[in-house]
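# Okay, predicted coordinates and the sequence, questions at the end:
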Amino acid sequence: MIRTYLFFMLICFLLVGCEENQPEGAMLPQSAETGAVGDHKDVIVVLIDSMTELVIKDGLKRSSLPAISYLIENGFVHHDLIAPFPSMSVAIESTLITGTSPKEHKVPGLVWYDPNDDVIVDYGSTLSKYWKLGVNDTLVNTLVHLNTNHLSPNVETVYEALHDKGYSTGSINFLVYRGHKSHDLTVPTYVKTLFRLPEKLQTKGPDLLAFGQATKPKVSQNQKVDDALYQRFGLNDSYSAQVTAKLIKENQQPDLTMIFFPNYDKDAHKHGPVSPEHFARADGYLQDILNAYESWDKALEENVFIIMGDHGQDQLKDKKEEVAIELEPLLDPYTVAPLLDEPSSGDVVISNNHRMAYLYPTSNISYFDLASKLHQDYRIDHLSWLEGEELVIYQSGKEGVLRIKEGGDWQDQYGQTWTINGNKSIVDIHLNQSEMKLEYGNYPDVFHQLYGALLSHSETMIVTAKPGYTLKSEGAPVHNKGGEHGGLHKNDTRTSIVIAGTDKELHDRRMESLKEYFLSLFDDES
């Protein structure tokens, strides 16, 4: 996300009364005690779901963003930060904390298919899918397997890297947070019995882990915080800000704190990507964090602040019947199994990530067969798959095909090189013949993004929707008149980042570069 993302109302309901199993009086380890070298600024990263250039600029014109305005005036802002693909929060968070693409971290998106177990893995897209796919499986996948099994053990997270250097870390309301410390989730007996859950749910995270009422740090236990039923049991901006402010005031702030503000995504889905009156609320919670210090200037003296979005939002058209691209009828006569059945009982499995979907043929159907059916709908954008090491890309309404290989004569702005054959207008690129440079248009980093998604799990095909439209399959939401993401277009993948409290520039503005950037802030005094 997603980020319809984590308003897992069902998860929250089930986890009322759960708390982190840590010893009474346990204190957060401080860098001075664990051997970190030298003084440094602490780093506070706030991820505002669906924050983009347009909503920031609109808010600045209205003078409704005092905190963001202050940080921009005392730092710098970039509006070309590129998310991985699919542009869904689970895959994005995995990239953010590992510095890798889905190809390496192995979290393909919000929804994906595991052919080995013949199951669709869904981290919480809609309640109807929750029930049909199995509450037990979805709960365990989200709360346990995502961080302990699905996120590849072959990649290192920023929490693990900083722990090994002697720094303390914390995660507040992020879904992906793997670290070295074990955390137990104590689930009520009736819930364990009803859904046949293990006796204990254990996960691994940073030193400090807060995830609504499910896992509460010591500073917020027995404290008045916004974690009631009508407040999504703490999965909200207010709770994130309150916990952060309490940590600051109690001198329990980790060296690195990653904080998630989820609310604006819901507002953008409902009201559209540019909803300044709703976005101003997120700025208000940023003010609460800044106000926990003696002054805002003091906050910047002691910290590096990084305020960032996770993805963009595409504005969908008004009419639901026009917006929703029904995939199953387009695939006829091939069948798609209902969610209550085994996925492989149909000819094609659909894993819908809103403005993109993975398709998996279970019988002897070629990707060309599927493409010939899907590309006839003018609302479909790209169709892509791998043939050996070659990336094949179609676009609805365009002639021919584009074939790409890693390595070659054409170099992009990120230093990646490619071999390109076919209709280059399919992905809106410009080739500078004199310098052998590749310049992206509406699909920034498109080749790397597609390779990353197609190599993230099992063999699959990708389908995306054109701007203004979304993909529809059983249980998938349709936010007509509102915003949506998941796709490959810059509307989905481009977001903004504000950095204040350091002169250290961010040169490679892809989320894959942020882990190393965070680590660099601890290399010397910033």
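Happy to help now that I have it.

# Which of the three states applies to Trp410?
Recorded secondary structure, Trp410: strand (DSSP: H, G, I helix; E, B strand; the rest coil).

# Please report how far the nearest residue in space to it that is not next to it in sequence lies from Trp418.
Leaving aside its sequence neighbours, Trp410 sits nearest to Leu438 (CB to CB, 6 or more residues apart in numbering; 4.4 Å). For glycine as for every other residue, the C-beta is placed from the backbone atoms N, C-alpha and C. The spacing between Leu438 and Trp418, counted by CB to CB, to the nearest Å, is 6 Å.

# Who has more neighbours out of the two?
A direct count of neighbours by other CB atoms under 10 Å for Leu438 and Trp418 places Leu438 higher, at 22 against 18.

# export the strand or helix carrying the more buried one as PDB, just CAs?
Leu438 belongs to strand 437-440 when assigned by DSSP states H and E. Listed next in PDB are the C-alpha coordinates belonging to strand 437-440 (Å, rounded to 0.1, in the frame of the first residue of the first chain):
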ATOM      1  CA  LYS A 437      21.400   8.000 -23.300                       C
ATOM      2  CA  LEU A 438      17.900   6.700 -22.500                       C
ATOM      3  CA  GLU A 439      15.400   9.200 -21.100                       C
ATOM      4  CA  TYR A 440      12.100   8.100 -19.500                       C
END
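
# for that strand, packing partners?
Identification of packing neighbours for strand 437-440 by 3 or more CB pairs under 8 Å, 6 or more residues apart in numbering; DSSP states H and E yields strand 402-411, strand 429-432.

# List of residues touching it?
410-413, 418, 420, 428-432, 446 (CB atoms under 8 Å, 6 or more residues apart in numbering).

# try 7 Å this time
Residues external to strand 437-440 that are found in contact with it (CB atoms under 7 Å, 6 or more residues apart in numbering): 410-412, 418, 429-432, 446.

# Check which residues of that strand are buried.
By 16 or more other CB atoms under 10 Å, the buried positions in strand 437-440 come out as 438, 440.

# following that strand, which helix or strand shows up next?
Heading C-terminal from strand 437-440, the first helix or strand you meet, by DSSP H and E, is helix 446-454.

# what angle do that following helix and strand 402-411 make?
Put simply, helix 446-454 runs at 130 degrees to strand 402-411, going by axes from the mean of the first three to the mean of the last three CA atoms, to 10 degrees.

# So what touches helix 446-454?
Under CB under 7 Å, 6+ apart, the answer for helix 446-454 is 84-86, 101-103, 108, 384-386, 391, 404, 406, 416, 418, 427, 440, 460, 462, 488.

# Okay, and which of these map to strands?
With strands defined by DSSP state E, the entries of these inside them are 384-386, 391, 404, 406, 418, 440, 462.

# count of residues packed around Asp114?
17.

# The contacts of strand 437-440, buried ones only, as a PyMOL selection?
To isolate the buried ones among the contacts of strand 437-440 in PyMOL, judged by 16+ other CB under 10 Å, type:
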select buried, resi 410+412+418+429+446
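
# Closest one to Lys515 out of the contacts of strand 437-440, please.
Distance to Lys515 across the contacts of strand 437-440 (CB to CB) is lowest for Asp412, with 20.8 Å.

# Beta-bridge partners for the nearest residue to that closest one once chain neighbours are set aside, please?
Excluding its sequence neighbours, the residue lying closest to Asp412 (CB to CB, 6+ apart) is Leu438, at 4.5 Å. Leu438 has these beta-bridge partners by DSSP bridges: Leu431.

# do you know how far Leu438 is from Ile393?
Using CB to CB, Leu438 is found at 14 Å from Ile393.

# In space, not sequence, find me the middle residue of the chain.
By CA atoms, centre = their mean, the chain has its centre lying nearest to Ser89, at 1.9 Å.

# Test my guess that that one contacts Asn353.
No: judged on CB atoms under 7 Å, Ser89 makes no contact with Asn353 at a distance of 10.5 Å.

# for whichever helix or strand Val121 is part of, packing partners?
Secondary-structure assignment from DSSP H and E places Val121 in strand 119-122. Judged by 3 or more CB pairs under 7 Å, 6 or more residues apart in numbering; DSSP states H and E, strand 119-122 is in contact with strand 111-114, helix 127-133.

# Among those, show the one with the smallest mean pLDDT.
Between those, the lowest average pLDDT goes to helix 127-133, which shows a mean of 59.
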